[in-house]
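**Q** Turn this into a model:
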Amino acid sequence: MRTINTALLSYGMSGKIFHAPFLQLHPGFNLLGSWERSKKLIQQDYPEAISYPSLASILEDDNIELVIVNTPINSHYEYTKAVLLAGKHAVVEKAFTVTAAEAIELEAIAREKRLKLSVFQNRRWDSDFKTVKKIVDQGVLGDLVEVTFAYEQHLPDLNAKAHLETPSPGAGLLRDRGSHVTDQALSLFGMPDAVFGDLRIVRKDSQVNDYFDMLLYYPDLRVRVKGSFICREMAPAYILHGQLGSFLKHRGDKQEDRLVAGDKPDFDTWCTEPEGLEGTLHTLRNGEVIRESVSTERGNYVEYFEGVYQSIVNGADEPVTGRDGVNTMRVLEAAIKSNEEGRVVPIF
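**A** Residues are numbered from 1 along each chain as shown. Below is the predicted model of the structure:
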């Protein structure tokens, strides 16, 4: 089996929790090391790994084939461009970039150099969203009319990570959590015709948007994408209403919780939701109204990395393509413009 030597650009929470365990699990990847600016931590977990002193040292290492750009959003464009120009494949954390123009340029560079470029939208492989996708694919609700995707939490205190709370082009909940639910919506329904966006600051002492509510307009469908840090009691994260029925599902994926707790993923049992979080399907089936619980699909982020592996080794499409990243940035940018101008913004 061909092995892809891979390097991280950071070994903080993202590298330690969301990337390294799955790179270690998948036999097609070899975690060669990480750029570490001050704290040298990767060798505590992976003794054979290299602690690279600079980005240049990674770009100059001919053994590295794939680079994970998992640094703050403001740096994604600069670092990813450097990685691609060095002839290496790239996986880029969400949000892909700060602007749609940056995303378009990166996609063009990757295409020109025949490199693989993928956005790390791991939430497509959450157990809850996989269940929603199954319901949509089955068509059991009939033609969809109204859909809500929400990423709500109760985190009223400011984040200790200064770059998340300091005003900058890449800061705010819209690009952070909002990029996830926007990508989920676009992966199911494609690009909308227009967007209306409402951004707010609701936490005490916050300086960045920590509430967003977007309405995506499709010819016969409206998709609401929303997020907030002040929800002590959460409504279902996924609400779908169609001509035949409805489906409701709370957010319940436990992969992040287990990874933070130090659990290691595997291929076979990772990661099931606890009982009691099943979705509710209330619809018309064979002329009879039914209301029943729907078992939750199993989530596993290793499926994303398998997609990356297949794209590099066998030429398959990336699991989340550069064009997917461009489209998400176009919608987020339209929402920001809509909020500033107080109007619905068409997407051409």
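**Q** Give me the residues contacting the lowest-mean-pLDDT helix or strand in the chain.
**A** Ranked by mean pLDDT, DSSP states H and E, the helix or strand of the chain with the weakest confidence is helix 162-165, at a mean of 80. Contacting residues not belonging to helix 162-165 are listed as 72, 74, 158-159, 171, 176, 206-208 [C-beta atoms under 8 Å, 6 or more residues apart in numbering]. (Each C-beta comes from the backbone N, C-alpha and C, glycine too.)
**Q** Just the CA trace of it, in CSV.
**A** Below are the C-alpha coordinates for helix 162-165, written out as CSV (Å, rounded to 0.1, in the frame of the first residue of the first chain):
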residue,chain,number,x,y,z
ALA,A,162,-7.3,35.4,21.4
HIS,A,163,-7.4,35.0,17.6
LEU,A,164,-11.0,33.8,17.9
GLU,A,165,-12.1,36.8,19.8
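**Q** Okay, buried residues for that helix please.
**A** Residues of helix 162-165 classed as buried by neighbour count (16 or more other C-beta atoms under 10 Å): 164-165.
**Q** just stretch 107-127 next, same as before
**A** Applying 16+ other C-beta under 10 Å to stretch 107-127 flags 107, 109-110, 115-127 as buried.
**Q** Start and end of it, how far apart?
**A** With C-alpha to C-alpha, to the nearest Å as the measure, stretch 107-127 spans 29 Å from end to end.
**Q** now that stretch, how far from the chain's geometric center?
**A** Taking C-alpha atoms, centre = their mean, to the nearest Å, one finds stretch 107-127 lying 11 Å from the centre of the chain it belongs to.
**Q** hmm, back to that, from the buried residues of stretch 107-127, which land in strands?
**A** Mapping these onto strands (DSSP state E) picks out 117-120.
**Q** what's downstream of the least confident helix or strand of the chain, the next helix or strand?
**A** Toward the C-terminus, helix 162-165 is succeeded by helix 173-189 as the next helix or strand (DSSP states H and E).
**Q** I'd like the next helix or strand past that next one.
**A** By DSSP H and E, the next helix or strand past helix 173-189 is strand 194-200.
**Q** Who are the packing partners of that next one?
**A** Helices and strands touching strand 194-200, by 3 or more C-beta pairs under 8 Å, 6 or more residues apart in numbering; DSSP states H and E, are strand 211-218, helix 322-341, strand 345-346.
**Q** angle of the first one against helix 322-341?
**A** What that stands for is strand 211-218. With axes from the mean of the first three to the mean of the last three C-alpha atoms, to 10 degrees as the basis, strand 211-218 and helix 322-341 are set at 110 degrees to each other.
**Q** thinking again about what came up before, mean neighbour count, distance to residue 68 and mean pLDDT for the helices and strands packed on strand 194-200 - can I get that in JSON lines?
**A** Shown next, in JSON lines, are the helices and strands packed on strand 194-200 (neighbours: other C-beta atoms under 10 Å; distance: least, C-beta to C-beta, whole Å; pLDDT from 0 to 100):
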{"stretch": "strand 211-218", "mean neighbour count": "21", "distance to residue 68": "27", "mean pLDDT": "98"}
{"stretch": "helix 322-341", "mean neighbour count": "21", "distance to residue 68": "15", "mean pLDDT": "98"}
{"stretch": "strand 345-346", "mean neighbour count": "15", "distance to residue 68": "33", "mean pLDDT": "98"}
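**Q** which one of these lies closest to residue 56?
**A** Comparison of the helices and strands packed on strand 194-200 against residue 56 by C-beta to C-beta identifies helix 322-341 as nearest, at 24.1 Å.
**Q** need the contact list for the residue nearest to residue 298 when sequence neighbours are not counted.
**A** Among residues not flanking residue 298 along the chain, residue 272 sits closest, at 5.4 Å (C-beta to C-beta, 6 or more residues apart in numbering). Neighbour list for residue 272: 127, 254, 296, 298 [criterion: C-beta under 8 Å, 6+ apart].
**Q** Residue 111 too?
**A** Contacts for residue 111 were tallied using C-beta under 8 Å, 6+ apart; they are residue 322.
**Q** Let me know the pLDDT of it.
**A** What the model reports as pLDDT for residue 111 is 98.
**Q** Residue 200 contacts residue 210, correct?
**A** Yes. Residue 200 lies in contact with residue 210 (C-beta atoms under 8 Å); the separation is 7.5 Å.
**Q** which one of these two has more residues nearby?
**A** Taking neighbours as other C-beta atoms under 10 Å, residue 200 and residue 210 compare with residue 210 leading, 25 against 14.
**Q** Could you double-check that that one lies in contact with residue 178?
**A** No. Look at residue 210 against residue 178 with C-beta under 8 Å: they stay out of range, at 10.8 Å.
**Q** any idea how far residue 201 is from residue 98?
**A** For residue 201, the distance to residue 98 equals 19 Å [C-beta to C-beta, to the nearest Å].
**Q** how close does residue 151 sit to residue 232?
**A** Using C-beta to C-beta, residue 151 is found at 15 Å from residue 232.
**Q** The two: which is more packed in?
**A** Of the pair residue 151 and residue 232, residue 151 is the one with more neighbours under other C-beta under 10 Å, namely 24 against 8.
**Q** check contacts around the nearest residue to residue 278 once chain neighbours are set aside.
**A** Distance criterion C-beta to C-beta, 6+ apart; nearest residue to residue 278, sequence neighbours excluded, is residue 293 at 4.1 Å. Neighbouring residues of residue 293 by C-beta under 8 Å, 6+ apart: 278-281.
**Q** Quickly find the element holding residue 293.
**A** Applying DSSP H and E, one finds residue 293 within strand 288-294.
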